[in-house]
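Peer 1: Pasting a predicted model and its sequence here:
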Amino acid sequence: MTTVIDLDDGRAPAGSWRGGPEGGSGRGGGEILCRDLVRIFATDGVEVQALQGLNLTVEPGEIVAVVGASGSGKSTLLTILSGLDTPTGGTATVAGTDLLAMGPKARVAYQRHTVGFVWQQTSRNLLPYLTARENVLMPLELAAPSRRERAARARRVDDLLDLLEVGHVAERRPAEMSGGQQQRVAIAVAMANSPRVLLADEPTGELDEATSAEVLEAMRGVNRETGVTTLVVTHDPTVSEHVARTVQIRDGRTSTETLRRTETDEHGQARHVSEEFAVLDRVGRLQLPEDFMASLGLRDRVRLALEPDHVGVWPDTPSRAAETGRDTGSAGSGGSGRSER
Ligand SMILES: Nc1ncnc2c1ncn2[C@@H]1O[C@H](COP(=O)(O)OP(=O)(O)OP(=O)(O)O)[C@@H](O)[C@H]1O
């Protein structure tokens, strides 16, 4: 079911789910491409499967939010995509770079030129003893000290600070800026070397709601202005109001996606239309939403029936079995519903 909501409200009601192609929206090569990604951590003989066959495609120029409960694997995914960690299995390609095949030199080049990062902690993004201007200049000088003229570098810094609307704090150090200003400067730092992909891990985690919205809008603005492919990992439940696509991770796999677009109705009024999809992988696995499972008492085993335009799922209870059998029979084809020979 498509859900229509007012622009001002902006919140997508729960309860409508659609089976969609794996990864949701239209698929091409993918600027970020993860296939069956697995990451197993072993500590003291205990194995934790942080990623359990995760599939994700992000198209060039897209901005996508990744949400999920604590421990679902969001940071593990981002750490792999940023080149700081290596997956245990599967494939991960970012801007054409195979992350499993990178040597140490290629890894440094990848982190300097291909991806930019924004982390939750300002201390990880900005050097405290440098001004905003000096912080943005630093990656430019580290990456190619001789390739750009001093004046061109200075122009680039000014342009980025203006784009992020923090030109007025250019001469301030992080301690002299608000949290929101610090994160805007951090985005400017991440964009200094014109990366193809911008990765952000909880960039609004330490901000209040209003400032979070401003920072997310700033990221969206940078995505729109520069075309940088952007992936934002967040706990922020309002993030889907700022991006067209939100991917939910559950137990180390992508489970659902929310797609959002703006439509103009017959009265010329703009409205956001929001649809939620369950993600179906290549071999036909999908995760049923937890509330659906709880509501119908679905567990361990369910009955399936192929209908002309949908697949039915029923609890494995005797009373329902008879009904399922009837439905299956009427459709003329069965999934794992009762079959009579
Ligand atoms: N270095 C590590 N060693 C052992 N286990 C780890 C390590 N890093 C993550 N894990 C485990 O992997 C799982 C996923 O962790 P991850 O940090 O990716 O989740 P998350 O969704 O980012 O959570 P949060 O929102 O709380 O940051 C968790 O069970 C976590 O305890």
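Peer 2: It's in. This is a predicted model, so every value here is computed, not measured.
Peer 1: Name the SS class of the closest residue to Arg261 other than its chain neighbours, please.
Peer 2: Nearest residue to Arg261, sequence neighbours excluded (CB to CB, 6 or more residues apart in numbering): Val273, at 5.5 Å. The way it works is simple: take the backbone N, C-alpha and C, and place the C-beta from them, glycine included. At Val273 the chain is in strand, as set by DSSP: H, G, I helix; E, B strand; the rest coil.
Peer 1: pretty sure Val273 contacts Thr262?
Peer 2: Yes: Val273 is within contact range of Thr262, at 7.4 Å (criterion: CB atoms under 8 Å).
Peer 1: and the residue nearest to Thr97 when sequence neighbours are not counted, how many neighbours?
Peer 2: Distance criterion CB to CB, 6+ apart; nearest residue to Thr97, sequence neighbours excluded, is Tyr110 at 5.6 Å. Other residues lying near Tyr110 total 19 when counted by other CB atoms under 10 Å.
Peer 1: More neighbours: Val273 and Thr262, which one.
Peer 2: Per other CB under 10 Å, whichever of Val273 and Thr262 has more neighbours is Val273, with 15 against 10.
Peer 1: coming back round to it: tell me the secondary structure for the residue nearest to Thr97?
Peer 2: Judged by three-state DSSP, the three-state class of Tyr110 is helix.
Peer 1: That one and the ligand, how far apart?
Peer 2: 21 Å (CB to the nearest ligand atom, to the nearest Å).
Peer 1: before we move on, back to that, partner residues bridging the residue nearest to Arg261?
Peer 2: Val4, Arg261 (DSSP bridges).
Peer 1: what does the protein put close to the ligand?
Peer 2: The chain comes close to the ligand at residues 41, 43, 48, 50, 68, 70-76, 235, as judged by CB under 6 Å from any ligand atom.
Peer 1: Select from these the one having the most neighbours.
Peer 2: Most surrounded of these: other CB under 10 Å gives Gly73, at 26 neighbours.
Peer 1: check contacts around the nearest residue to that one once chain neighbours are set aside.
Peer 2: Leaving aside its sequence neighbours, Gly73 sits nearest to Gly252 (CB to CB, 6+ apart; 4.2 Å). Residues near Gly252 by CB atoms under 8 Å, 6 or more residues apart in numbering: 39, 49-54, 72-73, 76.
Peer 1: what do you get for Arg196?
Peer 2: 31, 60, 94-95, 114-115, 228-229.
Peer 1: what's the distance between it and the ligand?
Peer 2: Taking CB to the nearest ligand atom, one finds Arg196 at 24 Å from the ligand.
Peer 1: The residue of the stretch 101-250 of the chain found nearest the ligand in helix, strand or coil?
Peer 2: As assessed by CB to the nearest ligand atom, the ligand sits closest to His235 within the stretch 101-250 of the chain, at 5.9 Å. Recorded secondary structure, His235: coil (three-state DSSP).
Peer 1: Do I have it right that it meets Glu206?
Peer 2: No: using CB under 8 Å, His235 is not in contact with Glu206; the gap is 11.5 Å.
Peer 1: Could you chop the chain up by domain?
Peer 2: 3-42+60-126+193-279, 290-331 (automatic domain parsing).
Peer 1: CSV please, covering the ones you listed and showing mean pLDDT.
Peer 2: Converted to CSV, these look like this (pLDDT from 0 to 100):
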stretch, mean pLDDT
domain 3-42+60-126+193-279, 83
domain 290-331, 76
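Peer 1: Spell out the residue ranges of the helices in the chain.
Peer 2: For the chain, the helices defined by DSSP state H cover 74-81, 104-109, 122-125, 132-143, 150-163, 179-191, 209-226, 290-296, 318-331.
Peer 1: winner for burial among the ones you listed?
Peer 2: helix 179-191 (a mean of 25; mean count of other CB atoms under 10 Å).
Peer 1: Not counting its own residues, what contacts it?
Peer 2: Contacts of helix 179-191 (CB under 8 Å, 6+ apart): 116-119, 122, 125-126, 132, 135-136, 138-139, 157, 160-161, 163-166, 169, 174, 177, 198, 200, 203-204, 206-207, 211, 214-215, 218-219, 222, 226, 228.
Peer 1: try 6 Å this time
Peer 2: 116-118, 122, 125-126, 132, 135-136, 160-161, 164, 166, 169, 174, 198, 203, 206-207, 211, 214-215, 218 (CB atoms under 6 Å, 6 or more residues apart in numbering).
Peer 1: And stretch 232-246, by the same measure?
Peer 2: 10, 63-67, 74, 78, 200-202, 204, 212, 216, 220, 258-260.
Peer 1: Can you show me the CA trace of it as CSV?
Peer 2: Coordinates of each C-alpha in stretch 232-246 appear next as CSV, following Å, rounded to 0.1, in the frame of the first residue of the first chain:
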residue,chain,number,x,y,z
VAL,A,232,24.6,7.9,6.3
VAL,A,233,24.4,5.5,9.2
THR,A,234,22.2,6.7,12.0
HIS,A,235,19.9,5.9,14.9
ASP,A,236,17.9,9.0,14.0
PRO,A,237,14.4,7.9,13.3
THR,A,238,13.6,11.1,11.4
VAL,A,239,16.3,10.5,8.8
SER,A,240,13.9,9.2,6.3
GLU,A,241,12.4,12.7,6.1
HIS,A,242,15.7,13.9,4.7
VAL,A,243,16.6,11.2,2.2
ALA,A,244,14.8,9.5,-0.6
ARG,A,245,15.9,6.0,0.4
THR,A,246,16.3,4.5,3.9
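Peer 1: Thanks a lot, catch you later.
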